[in-house]
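Participant: Structure of the sequence below:
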Amino acid sequence: MKKNKYDLIVIGAGAAGMLASIKAARDAKNVLLLEKLSHIGAKLKATGGGRCNLTNTLCKEEFMSHFGRDGRFMQDALKGFDHDDLVSFFKEIGVDTHAPDGFRVFPTSHSSVTIISALKDEMDKLDIEILTSKKVEEIICDDEGIKGVKTSTDTFLAPNIIISTGGLGYPVLGANGDGYSLASKLNHTTTQLHPAMMPLNTKEKWVQNCRADTIAKVEIKVDMKKHKMLRAKGDLIFTKKGIRGPVVLDFAREITPLLSKYKEVPILLNLTKGKNEEQIREHLRAKALQNTSATILELLSTLLPKALSLELCLLCDIDADSTFKAISGGSKAKLINFLAWTPLTITGHDGFKMAMITRGGIKLQEIDPKTMQSRLTKGLYFCGEVMNLDGPCGGYNLQWSFSSGYLAGKLL
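Facilitator: Okay, here's the model as predicted:
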């Protein structure tokens with residue numbers, strides 16, 4: 001016989017919601033986990049291309065710094081459940097992890113299925129009731145606090161509700177902003193929402209001719225006086241429509257808000273592993289002295305892939321078959337300038353359908369960081385991406401989901 005009264009109802013069976021459910025159940029709470037999809041952990045399954053980058057090995061202070069000025073909001077959550085605690089937790093439920101590059105932590109299976117299966121098994125052991133294909137349409141609340149939830153077919157009662165519905169990224173995996181609308185009916189405010197961690201489109205079409213190679217250790221910076229401090233480093237890949245790769249995924253969270261203000265965002269790329277103009281000039285000069293008959297294309301190809309080298313020659317109106325010595329001083333200066341900082345113009349993106357995370361969410365000022373409880377409604381808690389806090393690639397966002405879920409699941 002189906003129960004309808006619980007100590008806690010968790011809305012959303014992602015990483016944060018599952019961890020919150022487990023923590024509460026371990027503390028002897030009677031827990032109901034509701035998921036609107038037909039299965040749990042849909043987005044978690046896709047994390048890291050299915051390899052599931054759970055967390056990373058940074059200390060708490062450095063970890064928080066990667067979330068920007070609001071990073072310290074997670075101080076209490078990390079104090080209670082940091083990356084060491086997460087690794088120990090998964091070890092306890094039968095999942096071994098490792099950090100093959102010394103930084104990113106994965107299950108040794110490199111499969112998100114391993115993680116989801118272990119979490120499901122643990123929830124079953126704790127007798128957590130999981131109901132899928134159950135979309136919450138309303139949170140029941142009165143002046144005294146939370147009373148329960150309503151779906152299209154049922155009413156479930158509980159004095160505590162955790163909203164762990166995620167953001168708007170990857171709508172095919174169930175993201176459509178349910179948590180924001182549920183919270184807004186309880187007077188919570190949602191900041192402006194932007195897609196993040198996604199490829200970017202450029203005005204320049206030459207990029208489509210350079211798709212074969214990954215460019216390592218690229219630095220990107222915004223070429224706008226007001227936003228010149230925005231920059232990132234990492235590997236980059238040119239695409240048919242623009243740019244992608246780890247550095248782009250990280251930087252997209254800075255670019256998409258700017259695109260909502262400006263039609264175009266000019267950026268500069270250092271494609272030469274940090275070399276400045278003088279270092280590039282000396283490199284080319286030395287290579288030319290070693291081989292006086294080498295073409296400029298051959299010389300550039302000692303720095304960059306051939307296809308990209310050819311495009312830069314075309315952009316600078318230089319005959320790729322010319323020798324370094326034969327090129328005019330002005331053309332050399334232009335080429336070296338382009339090599340040091342290649343200009344591109346970001347014009348758009350493919351929206352939330354390609355966004356791994358959402359930038360924006362429930363205002364942090366309305367949530368108590370020591371408990372994850374709403375400052376407005378007793379018994380209402382938040383965890384994970386639904387809040388206005390997001391980080392770069394590398395296990396940051398998943399760790400935050402687990403940490404905030406653990407803290408929310410402790411309840412008051």
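
Participant: where along the stretch 51-200 of the chain do the helices fall?
Facilitator: Using DSSP state H, counting those that start in this stretch, the helices of the stretch 51-200 of the chain run over 60-65, 75-80, 83-92, 112-125, 178-184.

Participant: Quick check: which of these is nearest to His349?
Facilitator: helix 178-184 (20.6 Å; C-beta to C-beta). Placement of C-beta: from N, CA and C, glycine included.

Participant: Identify the residues contacting that closest one?
Facilitator: Helix 178-184 is contacted from outside by 11-12, 36, 135-136, 138-139, 163-166, 190, 193, 361-362, 380, 382, 386, using C-beta atoms under 8 Å, 6 or more residues apart in numbering.

Participant: go again using 10 Å as the cut-off
Facilitator: Defining contact as C-beta atoms under 10 Å, 6 or more residues apart in numbering, one finds that helix 178-184 is touched by 11-12, 36, 135-139, 149, 161, 163-168, 177, 188-191, 193, 358, 360-363, 366-367, 374, 376-377, 380, 382, 384-387.

Participant: now that helix, how far from the centre of its chain.
Facilitator: Relative to the centre of its chain, helix 178-184 is centred 21 Å away, using C-alpha atoms, centre = their mean, to the nearest Å.

Participant: May I see the buried residues of it?
Facilitator: For helix 178-184, the neighbour count (16 or more other C-beta atoms under 10 Å) marks Asp178, Gly179, Tyr180, Leu182, Ala183 as buried.

Participant: State the distance from the second one to Val113.
Facilitator: Which is Gly179. Plainly put, Gly179 is 25 Å away from Val113 if you go by C-beta to C-beta, to the nearest Å.

Participant: Spit out the contact partners of the spatially closest residue to Pro246 that is not a sequence neighbour.
Facilitator: Excluding its sequence neighbours, the residue lying closest to Pro246 (C-beta to C-beta, 6 or more residues apart in numbering) is Gly234, at 4.3 Å. Gly234 is in contact with 215-220, 245-251, 392-394, counting by C-beta under 10 Å, 6+ apart.

Participant: Just the buried residues of the contacts of helix 178-184.
Facilitator: Applying 16+ other C-beta under 10 Å to the contacts of helix 178-184, the neighbour count classes 11-12, 36, 136, 139, 149, 161, 163-168, 177, 188, 190, 193, 358, 360-362, 366-367, 374, 377, 380, 382, 384-387 as buried.

Participant: Restricted to strands, list those.
Facilitator: Among the buried ones among the contacts of helix 178-184, the members found in strands (DSSP state E) are Ile11, Val136, Ile139, Val149, Ile161, Ile163, Thr358, Leu380, Phe382.

Participant: what about the protein, any weak spots by pLDDT?
Facilitator: 1-2, 173 (pLDDT under 70).

Participant: Please parse it into its domains.
Facilitator: As given by automatic domain parsing, the domain ranges for the chain are 8-192+361-410, 195-273+346-352, 277-343.

Participant: I'd say Leu297 and Ile327 touch.
Facilitator: No. Counting by C-beta atoms under 10 Å, Leu297 stays clear of Ile327, with 11.5 Å between them.

Participant: what residues are shared contacts of the two?
Facilitator: Residues touching both Leu297 and Ile327 (C-beta under 10 Å, 6+ apart): Cys313, Ile318, Asp319.

Participant: want to throw those into a markdown table with distance to Ala24?
Facilitator: Formatted as a markdown table, those follow (distance: C-beta to C-beta, whole Å):
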| residue | distance to Ala24 |
| --- | --- |
| Cys313 | 62 |
| Ile318 | 65 |
| Asp319 | 69 |
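
Participant: If any of those are buried, give me the ChimeraX selection for them.
Facilitator: Per 16+ other C-beta under 10 Å, the buried members of the shared contacts of Leu297 and Ile327 correspond to this ChimeraX selection:
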select :313,318
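
Participant: taking the shared contacts of Leu297 and Ile327 one by one, which sit in helices?
Facilitator: Using DSSP state H, the members of those that fall within helices are Cys313.

Participant: Tell me the one among the shared contacts of Leu297 and Ile327 nearest to Val87.
Facilitator: For the shared contacts of Leu297 and Ile327, the closest approach to Val87 (C-beta to C-beta) belongs to Cys313, at 49.4 Å.

Participant: show me the contacts for the spatially closest residue to the closest one that is not a sequence neighbour.
Facilitator: Leaving aside its sequence neighbours, Cys313 sits nearest to Ala320 (C-beta to C-beta, 6+ apart; 4.3 Å). Each residue near Ala320 by C-beta under 10 Å, 6+ apart is listed here: 295-298, 300-301, 306, 309-314.

Participant: Which members of the residues you listed are classed as buried?
Facilitator: Thr295, Ile296, Leu297, Glu298, Leu300, Ser301, Ser309, Leu310, Glu311, Leu312, Cys313.

Participant: For burial, what's the neighbour tally of Ala288?
Facilitator: As a burial measure, Ala288 scores 17 neighbours (other C-beta atoms under 10 Å).

Participant: State the helix or strand in which it lies.
Facilitator: Element membership for Ala288, per DSSP states H and E: helix 277-290.

Participant: residues of that helix that come out buried?
Facilitator: Under 16+ other C-beta under 10 Å, the buried positions of helix 277-290 are Ile280, Arg281, His283, Leu284, Lys287, Ala288.

Participant: and for whatever helix or strand comes next after it, what are the contacting residues?
Facilitator: From helix 277-290 onward toward the C-terminus, using DSSP H and E, the following helix or strand is helix 296-300. Applying C-beta under 10 Å, 6+ apart, the external contacts of helix 296-300 come out as 272, 280, 283-288, 290-291, 294, 306, 308-310, 312-313, 316, 318-327, 331-332, 335, 339.
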